[in-house]
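K.L.:
Quick one, what's the 3D model for this:
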Amino acid sequence: MTDKALSNAAETFPALDAPTMTLSLELGGILASWQHADSRMLASAHLQPTDGTPMQPGMPIGGFKAVGPPEVEGSFGSSCAESTGDEVMWLCSFHIKVSCVDDFKRLMREECATVLAVEPGMLRYELMQSTDDPCIFLVVEIVADLSAIAVHEARRVDGTLRAAIKEMEAVDRHDSPMRGVRWSAAGGLRQLQWAAACRESAVLRMLCGDFLLAPPPNSVKPEGASPITLAAIGSTRQRRLLEWLTVVLAPQHQVASASFRTQQKMGGMSGEIRFLDVTMRTGETLPLVLKSATGSPLRKTMGNAREACFYNELAAHLSVANVPTCFWASSLETGEVVLLLEALENAVPAGTFFGAAQPNNWAVAPQLKALCAGNPGPEAIAADAFTLYARMHGTYWQDAELLSKPWLRGAAWHAGKGEAVWRAAQAQAQSAWAGLRAAISAGETPISWDAHLVACLDASFAKVDWLSYQAELKARPFTLVHGDAHAHNFMWVEQRTPAARQCLIDFEMVGVGSGAQELGQYCISHVPVELRRAKEADWVRGYHVELLGVLREAGAREGTEEYKLESALSEYVAGGAGRWIWFVPVLQALGLPPPMNQFFHDQLAAFLHDHVADASLSPMPRV
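P.N.:
Have a look, this model is predicted:
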């Protein structure tokens, strides 16, 4: 993606002219009038939901999400509590080059924090990002009065910030549509505040196809005023989307048009999914998925944005494992991620085929028979999944470069670092188990506990030790692992056709670890006990054959021939049991419904009865 390509995109899809009327937003009965910087005094309007639902205070109204620093208390300062009638809101829009989006966010977050710390007249200063086009941003400024704007501008008189931003812009700020919009309060500013609990949510979302514009009550339309139509708003969003796709998909694809589908994702909790149909100038249609997830403290702690790093740095070599093609991936340390991926058409989660008892299928129980008809059963799906795992694991088997990528989960541990993080993860499960153990003894738990499982967990958590863990790592081979191994992280694509196949998806937990562990984790998660008992040895044997084949084809790395089937079977047990020994108490502490906890308890209990007859031989928990 070159600057020339960006320039060409800007010329092909120039910014729209500014709307020719004032826009007003009504929140909880407070009417806020929006007017373009050229001071044309035109008619007012206010937004109402298309379904007629009365608008409530703080109600999100489409298109932008807050990405500014929510931890800064100044952005919700008490000085906003009473309106003087002199407050001014100023909106500035920015269209940023695709390659500069992350740098622009970083720069503006720092500016937001600085402004709120040193400018008492700035009541609110926040960066917002379009949910439709990651290159479009809006800065929302609320100042106490016009003199505060002068103070704000004087602080930046050297022009350093403006120069830095100008280098990042794809379209000059002064040529963009909302190039400057001012709002003057007429009382009631407190009702336009955002509650602390809503800091992550979108506010003042302006470009939304789900809302109609209508004249406010008792308004008088000035002579010659033109209404803003829903079509005009939609065309702005469509044009920005088209421009972004033109840049992102060039030069391999020449985009002619694009539109969102109404299709919804089936299952999953890993972010928002939107489906796109992109038509090329050749007439070919490219179905795509735009996957996004907002940053949060939990996602930051879990490192969920690593999925973008995976697609940028490792996924290109994994077509053999049917990993989807990625056209764009960006992420932030906050856990925020944006991915543009090939759409997997005519697809259903492979976990759907594992029956009505599987908790991930409870929501689709009435449709389960129809969803499974004409598709493979769980035995064939699991065998194929093990083959795809073998191809992924074989591609990066014992690859030392993985250990140099700190974003990979477990990379630091394999390098002998990160002890505190590992101990904290183990402590989370140990604490949860201690609480459950006391409840079990008192007979106060909502599920039934198997005595052998309880003994195994007692023995397992007693073994937690960093040095012992380091010794374990050195004794077994490592590779790139998916990290969240279960059947619902596969999609069965182009179902009921000769081209039907299984694809690996959702790499938020991707890391460095034990390949065979993923097989045990997969079986405990989804496979019915009787089917597992009958087929697990065959599946692991098939995995081992495929793994060695991949390694030989690539030029065997050190230790290839030494990795025996017995080692794979042993690690299938130790890794699968160790991972689920960690999961069971943690999932209960997180508040999963009792029936779901009972299911996973029973799956693990059966696995332990089959493979760990002596509780004292239970493996250390795997985090």
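
K.L.:
From Glu342, how far out is the closest residue to Ser147 other than its chain neighbours?
P.N.:
Using C-beta to C-beta, 6 or more residues apart in numbering and skipping the chain neighbours, the partner closest in space to Ser147 is Gly121 (6.9 Å). For the C-beta atoms, the positions are set from N, CA and C on the backbone; glycine is no exception. Using C-beta to C-beta, to the nearest Å, one gets 49 Å for the distance from Gly121 to Glu342.

K.L.:
just His526 next, same as before
P.N.:
Distance, His526 to Glu342, using C-beta to C-beta: 25 Å.

K.L.:
for Pro593, same thing?
P.N.:
From Pro593 over to Glu342 (counting by C-beta to C-beta), the distance is 35 Å.

K.L.:
Among the two, which residue is more densely surrounded?
P.N.:
Each of Pro593 and Glu342 had its neighbours counted (other C-beta atoms under 10 Å), and the higher figure belongs to Glu342 (14 against 11).

K.L.:
which strand residues sit across from that one in the sheet?
P.N.:
On DSSP bridges, the residues paired with Glu342 through beta bridges are Leu288.

K.L.:
Then Ile96?
P.N.:
Glu169.

K.L.:
Check whether it really touches Met168, as I assumed.
P.N.:
Yes. Under the contact definition of C-beta atoms under 8 Å, Ile96 touches Met168, with a separation of 5.2 Å.

K.L.:
quick one on the thing from earlier: dump the residue contacts of the residue nearest to Ser147.
P.N.:
For Gly121, the contacting residues are Val143, Ala144, Asp145, Ser147, Ala148, Val151, His152, by C-beta atoms under 8 Å, 6 or more residues apart in numbering.

K.L.:
what about the last one, distance to Leu161?
P.N.:
When distances are taken as C-beta to C-beta, His152 and Leu161 turn out to be 11 Å apart.

K.L.:
higher neighbour count, those two?
P.N.:
A direct count of neighbours by other C-beta under 10 Å for His152 and Leu161 places His152 higher, at 18 against 15.

K.L.:
thought the more buried one was touching Val118?
P.N.:
No. Look at His152 against Val118 with C-beta under 8 Å: they stay out of range, at 10.0 Å.

K.L.:
Am I right that Glu141 falls within a strand?
P.N.:
Yes. Secondary structure of Glu141 (DSSP: H, G, I helix; E, B strand; the rest coil): part of a strand.

K.L.:
Specify the beta-bridge partners of it.
P.N.:
Trp90, Tyr125.

K.L.:
Surely it is in contact with Ala148?
P.N.:
No. Glu141 is beyond contact range of Ala148, at 9.1 Å (criterion: C-beta under 8 Å).

K.L.:
what is in contact with the two at once?
P.N.:
Met122.

K.L.:
Among the contacts of Gly121, name the ones in helices.
P.N.:
Counting by DSSP state H, the part of the contacts of Gly121 found in helices is Ser147, Ala148, Val151, His152.

K.L.:
separation between the last one and Phe94?
P.N.:
Yep, that's His152 we're talking about. Separation of His152 from Phe94 (C-beta to C-beta): 17 Å.

K.L.:
What of the third one?
P.N.:
Using C-beta to C-beta, Val151 is found at 22 Å from Phe94.

K.L.:
So between those two, which is more surrounded?
P.N.:
More crowded of Val151 and Phe94, by other C-beta under 10 Å: Phe94, with 22 against 15.

K.L.:
what's the pLDDT at the spatially closest residue to that one that is not a sequence neighbour?
P.N.:
What sits nearest to Phe94 in space, not counting adjacent residues and going by C-beta to C-beta, 6+ apart, is Phe137, at 4.5 Å. At Phe137, the model reports a pLDDT of 75.

K.L.:
show me where the stretch 351-500 of the chain has strands.
P.N.:
With DSSP state E, counting those that start in this stretch, the ranges of strands along the stretch 351-500 of the chain come out as 479-481, 490-493.

K.L.:
what does the first one rub up against?
P.N.:
To tie it back to what came earlier, the one meant is strand 479-481. Contacts of strand 479-481 (C-beta under 8 Å, 6+ apart): 314, 392-399, 402, 408, 410, 510-515, 517-518.

K.L.:
go with 7 Å
P.N.:
Where contact means C-beta atoms under 7 Å, 6 or more residues apart in numbering, the residues beyond strand 479-481 that reach it are Leu314, Met392, His393, Tyr396, Trp397, Gln398, Leu402, Gly511, Val512, Gly513, Gly515, Glu518.

K.L.:
Return the list of strands paired to that strand, each annotated with direction.
P.N.:
strand 511-513 (antiparallel).

K.L.:
what about the partner strand, average pLDDT?
P.N.:
Taken as a whole, strand 511-513 has an average pLDDT of 98.

K.L.:
Have a look at this protein and report the helix or strand with the lowest mean pLDDT.
P.N.:
Confidence across the helices and strands of the chain bottoms out at strand 211-214, with a mean of 26, counting by mean pLDDT, DSSP states H and E.

K.L.:
can you give me the helices for the stretch 401-550 of the chain?
P.N.:
Along the stretch 401-550 of the chain, the stretches classed as helices by DSSP state H, counting those that start in this stretch are 411-414, 419-442, 451-461, 466-475, 515-526, 529-554.

K.L.:
Give me whichever of these is most buried.
P.N.:
Between the helices of the stretch 401-550 of the chain, the one whose residues have the most neighbours on average, counting mean count of other C-beta atoms under 10 Å, is helix 515-526 (a mean of 28).

K.L.:
and it with helix 529-554, angle?
P.N.:
For helix 515-526 against helix 529-554, the angle between stretch directions is 150 degrees (axes from the mean of the first three to the mean of the last three C-alpha atoms, to 10 degrees).

K.L.:
Can you tell me what sits against helix 515-526?
P.N.:
For helix 515-526, the external contacting residues (C-beta under 7 Å, 6+ apart) are 351, 354, 358, 385-386, 389, 393, 479, 481-482, 485-487, 532, 536, 540, 543, 568, 571-573, 575-577, 579-580, 603-604, 607, 622.
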